[in-house]
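# Sequence below, structure please.
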Amino acid sequence: MTWKAGGPGPRAYELATILVAAVCALLVQSGQSNPSHTADLKPPKELTMSTSSAAMHLTAESFDTLTAPGTGPILVDFWASWCPPCRAIAPTIDALADEFAGQVAVAKLDIDAHHEIAERLGVSSIPTLILFNDGVEVERIVGVLPKPELNDRLTALSAEAVRASTR
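This next block holds a predicted model:
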């Protein structure tokens, strides 16, 4: 993307995107379609600028190490800070990292910082969640899924990893 001289910079567009996502989330959260009824609502936590995370943040090197053959199950969330759906699913990814600790590794890869990995794997839309088991991609999820569905998929991945290790 190219920015015009004198125009708003990338940070302004990122903040505008977050604002739009927050308003949309508030409307969905409240079940109201009329914005005038949202005065008493608070912004969802996932749309704040916090950078804390329970999931590991990967680099190109750590990605290759953690997805190598024999490393067990891992979920990798391909995301970007400017992506509202990525920000919306972030708390779910962090919660899954806590819930599946010791069973399935959960990690995030910022596609802006490590675009070569996204390109190598053909990730063209975000968020994209890729589940690997022993270095092999076993499932790819594009978009946002509810936490119970992601939980079921990680439970199945963990069970498959246990079965594979006992063979």
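# Please parse this protein into its domains.
10-46, 50-165 (automatic domain parsing).
# hey, least reliable of those by pLDDT?
Note on these: lowest mean pLDDT is at domain 10-46, with a mean of 47.
# List the contacts of residue 145.
Taking Cβ atoms under 8 Å, 6 or more residues apart in numbering, we find residue 145 in contact with residue 129. (Glycine included, C-beta is placed from N, CA and C.)
# let me redo that: residue 134
Contacts of residue 134 (Cβ under 8 Å, 6+ apart): 69, 70, 71, 72, 73, 161, 164.
# Most neighbours among these, which one?
Ranked by the number of neighbours (other Cβ atoms under 10 Å), the contacts of residue 134 place residue 73 first, at 23 neighbours.
# tell me the most buried of the domains of the chain?
When you average the neighbours per residue for each of the domains of the chain (mean count of other Cβ atoms under 10 Å), domain 50-165 leads with a mean of 16.
# which stretches of this structure form helices?
Secondary structure of the chain by DSSP state H: the helices cover 10-30, 60-66, 84-99, 115-121, 147-165.
# Relative to residue 127, tell me which of those helices wins on proximity.
helix 84-99 (4.6 Å; Cβ to Cβ).
# report the angle between the axes of the closest one and helix 147-165?
50 degrees (axes from the mean of the first three to the mean of the last three Cα atoms, to 10 degrees).
# coming back round to it: adding distance to residue 54, write the helices of the chain out as JSON lines.
Shown next, in JSON lines, are the helices of the chain (distance: least, Cβ to Cβ, whole Å):
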{"stretch": "helix 10-30", "distance to residue 54": "21"}
{"stretch": "helix 60-66", "distance to residue 54": "16"}
{"stretch": "helix 84-99", "distance to residue 54": "4"}
{"stretch": "helix 115-121", "distance to residue 54": "21"}
{"stretch": "helix 147-165", "distance to residue 54": "14"}
